[in-house]
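Trainee: Below is the structure, and that's it, no one-letter string:
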């Protein structure tokens, strides 16, 4: 492989982790198998798991109990689990007849099976390979931390299975949004911290709340956008159960709570005042709230990318900015951990 070919290949792989939604299916089908698999796994959204791992690592560093080996394994484990979750969601959505050609899922991004991007056998093989890597990482932590790792592992696998693979999945009974908050908040941040340091700290679970709420806001926004379709398929997400107007009010409350909880944590001295830098993301929050105060348009504006997702996009952009700023505050706080209100 020449240097130029290697650069092109790496650029293609990196492209799956950047941008907002997708190239066309025909463009993706022309790529190599690794690139196609990365697009199929919706790698662009893996940033939320990367941020959760970084928050856990920075809190461990603040406690002066950071270990590089454990952090790297936590980071890789989170990414692997998220990819498995995305692929599993598509697999079961396809098998249950939810991901049909007229579904929102098929319109805003590619689908590995319905879009003929990857053969079913290749998809299953990829999931098995990811699972093998995940099991190896889990085994390491169980051997190192015993029951502590085992408890977090059981909770994670249970929620991963229950979200969309169980016969009656959490996604279809209005509990999927809460499950996402628990996973990307207390479970990932609190559990990641425990795996890196070897101990549980109750304060970490409270610190995980703003970020967990942010990830929940992404899913609530997405489910509002596709609630009409989900209602027709009898997929009872939380917005389907609550209705659009109440769900939009709930989404606004979630976004406001991200800042309220952050402020309370700073005021109580749980995190350093440097975390107040996360409030610099509020202009994005204000734009998201302004969008949520108005009904969704009937059709996409000119050159809009990602339709029919509308509220989801604002929530995703806001959470990405909030997450990086929250992380920046924790980086500075790790350097000067003694400065508290």
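Mentor: Everything's here; your move. A quick note: this is a predicted structure, and the numbers were derived from the prediction, not measured.
Trainee: the helices in the stretch 101-250 of the chain, which residues?
Mentor: Shown for the stretch 101-250 of the chain, the helices assigned by DSSP state H, counting those that start in this stretch span residues 104-108, 120-145, 147-164, 176-182, 191-197, 202-207, 209-225, 227-232, 238-242, 244-267.
Trainee: Would you mind giving those helices as a markdown table with mean pLDDT and mean neighbour count added?
Mentor: For every residue, glycine as well, the C-beta is placed using N, CA and C. Putting the helices of the stretch 101-250 of the chain into a markdown table (pLDDT from 0 to 100; neighbours: other C-beta atoms under 10 Å) gives the following:
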| stretch | mean pLDDT | mean neighbour count |
| --- | --- | --- |
| helix 104-108 | 72 | 19 |
| helix 120-145 | 89 | 15 |
| helix 147-164 | 90 | 16 |
| helix 176-182 | 94 | 21 |
| helix 191-197 | 96 | 26 |
| helix 202-207 | 96 | 19 |
| helix 209-225 | 96 | 26 |
| helix 227-232 | 89 | 16 |
| helix 238-242 | 95 | 21 |
| helix 244-267 | 96 | 18 |
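Trainee: Tabulate those helices in JSON lines, adding columns for distance to residue 290.
Mentor: Listed next are these as JSON lines, based on distance: least, C-beta to C-beta, whole Å:
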{"stretch": "helix 104-108", "distance to residue 290": "22"}
{"stretch": "helix 120-145", "distance to residue 290": "39"}
{"stretch": "helix 147-164", "distance to residue 290": "31"}
{"stretch": "helix 176-182", "distance to residue 290": "22"}
{"stretch": "helix 191-197", "distance to residue 290": "34"}
{"stretch": "helix 202-207", "distance to residue 290": "28"}
{"stretch": "helix 209-225", "distance to residue 290": "14"}
{"stretch": "helix 227-232", "distance to residue 290": "20"}
{"stretch": "helix 238-242", "distance to residue 290": "19"}
{"stretch": "helix 244-267", "distance to residue 290": "10"}
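Trainee: Looks to me like residue 323 is in a strand.
Mentor: No: per DSSP: H, G, I helix; E, B strand; the rest coil, residue 323 lies outside any strand segment and is helix.
Trainee: what's the closest non-adjacent residue to it?
Mentor: Spatial nearest neighbour of residue 323, excluding adjacent residues (C-beta to C-beta, 6 or more residues apart in numbering): residue 51 at 4.2 Å.
Trainee: between the strand or helix carrying the one you found and helix 209-225, what angle do the directions make?
Mentor: Taking DSSP states H and E as the criterion, residue 51 maps to helix 47-62. Here helix 47-62 runs at an angle of 170 degrees relative to helix 209-225 (axes from the mean of the first three to the mean of the last three C-alpha atoms, to 10 degrees).
Trainee: Give me the nearest residue to the most centrally placed residue in the chain, chain neighbours excluded.
Mentor: The centre of the chain sits closest to residue 48, judged by C-alpha atoms, centre = their mean, with a distance of 4.2 Å. Among residues not flanking residue 48 along the chain, residue 215 sits closest, at 5.3 Å (C-beta to C-beta, 6+ apart).
Trainee: Residue 185 is in contact with that neighbour, correct?
Mentor: Yes: when contacts are counted by C-beta atoms under 8 Å, residue 215 is listed as touching residue 185 (7.3 Å).
Trainee: What helices and strands are in contact with the longest helix seen in the chain?
Mentor: As assigned by DSSP state H, the longest helix anywhere in the chain is helix 68-95. On a contact count with 3 or more C-beta pairs under 8 Å, 6 or more residues apart in numbering; DSSP states H and E, helix 68-95 meets helix 47-62, helix 120-145, helix 147-164, helix 191-197.
Trainee: Output the contacting helices and strands for the third one.
Mentor: If you count contacts as 3+ C-beta pairs under 8 Å, 6+ apart, helix 147-164 packs onto helix 68-95, helix 120-145, helix 176-182, helix 191-197.
Trainee: Just want the angle from that helix to helix 120-145.
Mentor: Going by the same axes, to 10 degrees, helix 147-164 is angled at 150 degrees with respect to helix 120-145.
Trainee: contacting residues for residue 180?
Mentor: 163, 212, 215-216, 219 (C-beta atoms under 8 Å, 6 or more residues apart in numbering).
Trainee: want to throw the residues you listed into CSV with distance to residue 252?
Mentor: Below are these laid out as CSV (distance: C-beta to C-beta, whole Å):
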residue, distance to residue 252
163, 25
212, 17
215, 16
216, 13
219, 15
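Trainee: Out of these, flag the one nearest to residue 337.
Mentor: Nearest to residue 337 among the contacts of residue 180 is residue 212, at 22.4 Å by C-beta to C-beta.
Trainee: If we ignore the residues flanking it in sequence, what's nearest that closest one?
Mentor: Among residues not flanking residue 212 along the chain, residue 185 sits closest, at 1.9 Å (C-beta to C-beta, 6+ apart).
Trainee: now swap in residue 67 and tell me
Mentor: Leaving out its chain neighbours, the residue that sits closest to residue 67 by C-beta to C-beta, 6+ apart is residue 196, at 5.8 Å.
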